[in-house]
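> sequence first, predicted model second:
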Amino acid sequence: MWKAFQRRRLISQGLSSPKTRRKQVEHPLAEELEEGWPAKAAIMLAFNIGLGVLIFTGQQTEPMKHLLICLLVFATAMAALWINYPNSFASNRRLLLILSVCFLQLLGVRMILANVENPQFAAFAPLLFPYAFAPLLLCVLIGRHHGLYAALFCSLWGSFLLPVVDPVFIVLSLITGFIAVFVTLQVRRRSRLIRAGLYVGIATWVLAVAFGLISPIKLEGGTDWRLIGLQSLYALGMGLATAVVVSGILPALETLFDVTTDISWLEMADMNHPLLRRLSMEAPGTYHHSLAVANLAEAAAEVVSANPTICRVMAYFHDIGKLVKPEYFTENMPPGHNPHDELTPTMSALIIIAHVKEGVDLSLKHKLNPLLVDAIQQHHGTSLVGYFYQRAVQQQEDARLGGKIMNLRDEDIPEVREESFRYPGPKPQTREIAIVSLADSIESASRSIERPTAQRIDDLVNDIIDARIADHQLDECPLTLDELRRIAESFRATLSSMMHSRVAYPARREPKDSKDAPLKRSEKSAA
């Protein structure tokens, strides 16, 4: 209460700003729900209870035995998730997403089995199971490894929902699930989901023919072509229907579980976003710099199997904080005028460093994706604003030389602290942010190359990456030295194509008329 009153008094006196900076603050309860063991145990218990209900409401002769085996499979599934995907196991939201999607597929299997007693429906039931639902959905939402994970364990759990464990069901579920993952490794358009559904339907039909689930064609006649046609239609239609359902529920699951797919990243890359439009109008130099960084980062991400779409969008937004004072950044300065000439190096460094905080503030105000906020905050890490630091050190040395003449003591000259010239961090935490960080530095430095050659570009890229490694800026991101080598090669190739020199075309020259040219033209006209 007293702090609030004191703040109002300072604002009334003009000694404080009425604005407050937006911050990402996690509530303790939210953190507990996200990572706490009680919530994790509740999610696991709910899944097992649901699995038990699906088994005991079926037609199993030994439901308790089936449930026990399913619980053992569940323990194996959790161990595999903990060992292979520890981040997904640690996040309760991610764990809830995985188990919920798997349960929805099992619920679909149980609903189909509930109608098997109808003789007209029994011939089509094996073709209507949603074999690829969980693999397809999790592959698009989280990644291909989680899609394969769902294909494996949903096949095992689903087989124990049948009255008798059927190996044909397991094979069909595994193969169609793997095909669904294979054809959706990179989904940037919703039409790719429909294509994946078509492939799943074709695979289901081929396997159904191979295992005799579709009525056989008899050479001696008597083939029920109508039944074969309906079964083929159901097999293909179920694959397409699965893709349509997945496409329809994707936006809801993205919002509910705070997951962003490549499709949504592409939508965020729209250059008509208000911040990007402001950047193009108010800071055109920064805007074009961001486009160049996006090209560098996207190409580098592809060679190390990072996400190129995320890198491109991060590059678009990484410097939006420069909108606050665009004229203080080199790419936006008018020719012949540098506002930093009128400032001390410390003040100049504060303005440069502040663009990170201003960018975070703008991103929170416009409710950008949390990964974009992280990229804005981390793309400079804790690196040094070298130019102004060296300028401050030089001024300090000059002051000491002048102080000796004027008999000043060393303690009367203010110290230059390196910490005052470093960005607040944190350092890049992901591969994508680290790639954007390197691309940002290299693109900015490349503008100082007067006559770009392959050797100069090569030296520039190597020097900047080596300096980042020596400054420990890449210690907290999972990039390996081999990946950094391939990233450097990509940067060199992209920069060479961006900075290649053009052929100098000669100026146009008018033909010189000879002395008798007027005479020849007059002779032609007379003729």
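Received, thanks.
> and Ala349, how far from Arg468?
Noted for Ala349: a distance of 19 Å to Arg468, by Cβ to Cβ, to the nearest Å. Where you see a C-beta, it was placed from the backbone N, CA and C, and this is true even at glycine.
> what about the residue nearest to the spatial centre of the chain, helix or strand, and which?
The centroid of the chain falls nearest to Ile310 when counting by Cα atoms, centre = their mean (3.3 Å). Per DSSP states H and E, Ile310 falls inside helix 308-317.
> go on, Leu193?
Per DSSP H and E: helix 190-210 holds Leu193.
> got the buried residues for that helix?
192-193, 196-197, 199-201, 203-205, 207-209 (16 or more other Cβ atoms under 10 Å).
> need the next SSE after the helix holding Ile310, C-terminal direction.
Assignment by DSSP H and E places the next element after helix 308-317 at helix 345-365.
> report the rounded mean pLDDT for that next one.
Mean pLDDT, helix 345-365: 94.
> show me what it is packed against.
Taking 3 or more Cβ pairs under 8 Å, 6 or more residues apart in numbering; DSSP states H and E as contact, the helices and strands that helix 345-365 lies on are helix 370-378, helix 386-405.
> how distant is it from the center of its chain?
24 Å (Cα atoms, centre = their mean, to the nearest Å).
> export that helix as PDB, just CAs?
The C-alpha coordinates for helix 345-365 follow below in PDB (Å, rounded to 0.1, in the frame of the first residue of the first chain):
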ATOM      1  CA  PRO A 345      28.800   5.600 -24.600                       C
ATOM      2  CA  THR A 346      27.000   4.400 -21.500                       C
ATOM      3  CA  MET A 347      23.700   6.100 -22.600                       C
ATOM      4  CA  SER A 348      24.100   4.800 -26.100                       C
ATOM      5  CA  ALA A 349      24.600   1.300 -24.800                       C
ATOM      6  CA  LEU A 350      21.500   1.700 -22.600                       C
ATOM      7  CA  ILE A 351      19.400   2.700 -25.700                       C
ATOM      8  CA  ILE A 352      20.700  -0.200 -27.800                       C
ATOM      9  CA  ILE A 353      20.200  -2.800 -25.000                       C
ATOM     10  CA  ALA A 354      16.700  -1.400 -24.200                       C
ATOM     11  CA  HIS A 355      15.300  -2.600 -27.600                       C
ATOM     12  CA  VAL A 356      15.200  -6.200 -26.100                       C
ATOM     13  CA  LYS A 357      12.900  -5.100 -23.200                       C
ATOM     14  CA  GLU A 358      10.900  -2.900 -25.500                       C
ATOM     15  CA  GLY A 359      10.400  -5.800 -27.900                       C
ATOM     16  CA  VAL A 360       9.200  -8.100 -25.100                       C
ATOM     17  CA  ASP A 361       6.800  -5.400 -24.000                       C
ATOM     18  CA  LEU A 362       5.400  -5.000 -27.500                       C
ATOM     19  CA  SER A 363       5.100  -8.800 -28.000                       C
ATOM     20  CA  LEU A 364       3.200  -9.200 -24.700                       C
ATOM     21  CA  LYS A 365       1.000  -6.300 -25.700                       C
END
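> tell me what angle it forms with helix 308-317.
120 degrees (axes from the mean of the first three to the mean of the last three Cα atoms, to 10 degrees).
> pretty sure Gly50 sits against Phe103.
Yes - counting by Cβ atoms under 8 Å, Phe103 is a contact partner of Gly50 at 5.5 Å.
> buried sites along the longest helix along the chain?
Longest helix in the chain by number of residues (criterion: DSSP state H): helix 225-257. For helix 225-257, a neighbour-count test (16+ other Cβ under 10 Å) marks 230-232, 234-236, 238-243, 245-247, 250, 253-254, 257 as buried.
> what's downstream of it, the next helix or strand?
helix 262-268.
> list the buried residues for that next one?
Under 16+ other Cβ under 10 Å, the buried positions of helix 262-268 are Asp262, Ile263, Ser264, Trp265, Met268.
> ok, residues contacting the helix or strand just after it?
For helix 262-268, the following helix or strand on the C-terminal side (DSSP H and E) is helix 274-282. Residues outside helix 274-282 that contact it (Cβ atoms under 8 Å, 6 or more residues apart in numbering) are 271, 286-287, 290, 316-317, 319-320, 322-323, 326, 362, 366, 368.
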